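**Student:** coords please:
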Amino acid sequence: MTATAPAETGTAPTRRDPYVDLLRALSLCVVVLWHWGFTIIAWTSHGPEPTSPLQWTYGLWPLTWLFQVLPLFFYVGGYAHLRVWDKVRANGGGYGVFVAGRVRRLVLPTGALIAVWLGVFEVVKFIWNPDWMWRSVILILSPLWFIGVYLLLVLIAPVMINLHRRWGVAVLVTLGGIACLIDVGRFHLGIDWLGWVNFIFVFAFCHQLGFFFDDLVALPRHVAWSLTLGGLFGLAGLIFSGVYPASMVGVNTDKISNMGPPNFTIIMLVLFQAGVAELLRPYALVWLEKPRVGIFNAMLNRVSLPLFLFHTTAMALVILFVVIIFGYRPPSEPTLLWWAERPLWVGAALLMMVPVLWVFSRKDLWYAFDSIKLLRADAHQNESSF
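**Tutor:** Residues are numbered from 1 along each chain as shown. Next up is the predicted model:
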């Protein structure tokens, strides 16, 4: 595959790709809904312990191949960074302009969130000193590991884009090969700490794959089928080897987690997901041409990152009211009652996001409200016309 860059042809990208926006927003929103709806919180002597219903219903593991979508987010992020870098260069900017623009939207709200929760911890510790508070703060802030990895990829993106322009798919193969060798050192040689290095190489592979997004769009459809099937067969071979678990999310009963730290299965997973995304693209573009869908897509793309950053805060506040104040503790296993409660917990967390966003990301909250007003007005106009 060859990459034709706008910077090389003397032009800069001017129009956002609505399908890329949709993939970016959906990948973050799926993570949020998964955490809200499918996390079991068991209260132990050490505090809250999260686990997955897959611990009891492990036969649902194929769903994780579709809904573990962080690799897809890094893939789309690679494409977005390529486009932005070309635009920055076409406008006479350089590395500093590129990094500052990408970092600003991530660092400020993330830093505010960390500062607030550390402050809450100190206050609660000083007044009540509960044993479980520090554990709770760690759980609330734990999804932010993703931000650290993403920022690292932003810092190295211009270098990786230049390597991509010069060496193309060879860079991708090298990243995947190093990730594979790290797994060999981890599982065959017993060097456990080596696995954490794959936070760089596995997600750098996903990010680098995004540089080929335009090529995949232009290439024949059988290329997307090849990616899909290649990733699918690769995943099947890896999990049935007995080394890797079948689930793409962490499950307490598995001997390791494929995501913590990430391993070679995630590379197969992103190939599979990128292929599926490309196969669905023509149908999605037709759907995205509808005015109301376009408004919703723009809103979702605007609020998806704040939703991701603050969704555990909203869930923690819901648990505070339900468990601490009202004294109700939900089932610690996926019973029939636990499944019946899922829509209620998701709805409560979504409602709690309103005050959380009002504190941390007010502009995005008003944007969402304005978009909802536009959707309602458009729906009312259509009803009147009918």
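
**Student:** Next, the buried residues of stretch 62-70.
**Tutor:** If you call a residue buried by 16 or more other CB atoms under 10 Å, then stretch 62-70 has these buried ones: 63-65, 68-70. Backbone N, C-alpha and C define where each C-beta goes, glycine included.

**Student:** Give me the subset of those lying in helices.
**Tutor:** Among the buried residues of stretch 62-70, DSSP state H puts 64-65, 70 in helices.

**Student:** Which strands or helices does the helix or strand containing Tyr150 pack on?
**Tutor:** Under the criterion DSSP states H and E, the helix or strand holding Tyr150 is helix 145-167. Secondary structure elements in contact with helix 145-167, counted by 3 or more CB pairs under 8 Å, 6 or more residues apart in numbering; DSSP states H and E, are helix 70-90, helix 95-127, helix 169-187, helix 198-209.

**Student:** Turn the ones in helices among the buried residues of stretch 62-70 into TSV, including pLDDT.
**Tutor:** Formatted as TSV, those follow (pLDDT from 0 to 100):
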residue	pLDDT
Thr64	93
Trp65	93
Leu70	93
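
**Student:** before we move on, the earlier item: CA atoms only: put the helix holding Tyr150 into CSV for me.
**Tutor:** Only the C-alpha atoms of helix 145-167 are listed here, as CSV (Å, rounded to 0.1, in the frame of the first residue of the first chain):
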residue,chain,number,x,y,z
TRP,A,145,-3.9,5.4,31.4
PHE,A,146,-5.3,5.8,27.9
ILE,A,147,-4.7,9.5,27.9
GLY,A,148,-1.0,9.0,28.8
VAL,A,149,-0.5,6.5,25.9
TYR,A,150,-2.4,8.8,23.5
LEU,A,151,-0.3,11.8,24.4
LEU,A,152,2.9,9.8,23.8
LEU,A,153,1.7,8.9,20.4
VAL,A,154,0.9,12.6,19.7
LEU,A,155,4.5,13.5,20.7
ILE,A,156,6.0,11.0,18.3
ALA,A,157,3.4,11.3,15.5
PRO,A,158,5.4,13.7,13.2
VAL,A,159,8.3,11.3,13.4
MET,A,160,6.2,8.3,12.7
ILE,A,161,4.4,10.1,9.8
ASN,A,162,7.8,10.8,8.2
LEU,A,163,8.8,7.2,8.6
HIS,A,164,5.5,6.2,7.1
ARG,A,165,6.1,8.4,4.1
ARG,A,166,9.5,6.9,3.5
TRP,A,167,9.1,3.3,4.4
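
**Student:** pLDDT of it, averaged?
**Tutor:** The pLDDT scores in helix 145-167 average 94.

**Student:** What of stretch 316-325?
**Tutor:** Per-residue scores along stretch 316-325 average to 88.

**Student:** do the same with stretch 367-376
**Tutor:** Computed over stretch 367-376, the mean pLDDT rounds to 82.

**Student:** and that stretch, how far from the chain's centre?
**Tutor:** 25 Å (CA atoms, centre = their mean, to the nearest Å).

**Student:** Ok, stretch 349-360 next?
**Tutor:** On CA atoms, centre = their mean, the centre of stretch 349-360 falls 20 Å from the chain's centre.

**Student:** May I have stretch 57-71 exported as PDB, CA atoms only?
**Tutor:** What follows is stretch 57-71, C-alpha atoms only, in PDB (Å, rounded to 0.1, in the frame of the first residue of the first chain):
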ATOM      1  CA  THR A  57     -20.800 -15.900  31.600                       C
ATOM      2  CA  TYR A  58     -17.500 -16.400  29.900                       C
ATOM      3  CA  GLY A  59     -19.200 -17.800  26.800                       C
ATOM      4  CA  LEU A  60     -20.000 -14.200  25.800                       C
ATOM      5  CA  TRP A  61     -16.300 -13.500  25.100                       C
ATOM      6  CA  PRO A  62     -16.900 -13.100  21.300                       C
ATOM      7  CA  LEU A  63     -18.700  -9.900  22.100                       C
ATOM      8  CA  THR A  64     -15.400  -8.400  23.400                       C
ATOM      9  CA  TRP A  65     -13.900  -8.800  19.900                       C
ATOM     10  CA  LEU A  66     -16.500  -6.200  18.800                       C
ATOM     11  CA  PHE A  67     -16.800  -4.000  21.900                       C
ATOM     12  CA  GLN A  68     -13.200  -3.700  23.000                       C
ATOM     13  CA  VAL A  69     -12.800  -0.700  20.700                       C
ATOM     14  CA  LEU A  70      -9.800   1.200  22.100                       C
ATOM     15  CA  PRO A  71      -7.600  -0.300  19.400                       C
END
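
**Student:** which residues touch it?
**Tutor:** The contact list for stretch 57-71, computed with CB atoms under 8 Å, 6 or more residues apart in numbering, reads 26-27, 30-31, 34, 53-54, 146, 203, 206, 235, 246-249, 251, 253, 259, 266, 269-270, 272-273, 334.

**Student:** Would you mind checking those residues for buried ones?
**Tutor:** Buried subset of these (neighbour count, 16+ other CB under 10 Å): 26-27, 30-31, 34, 53-54, 146, 203, 206, 235, 246-249, 251, 259, 266, 269-270, 272-273, 334.
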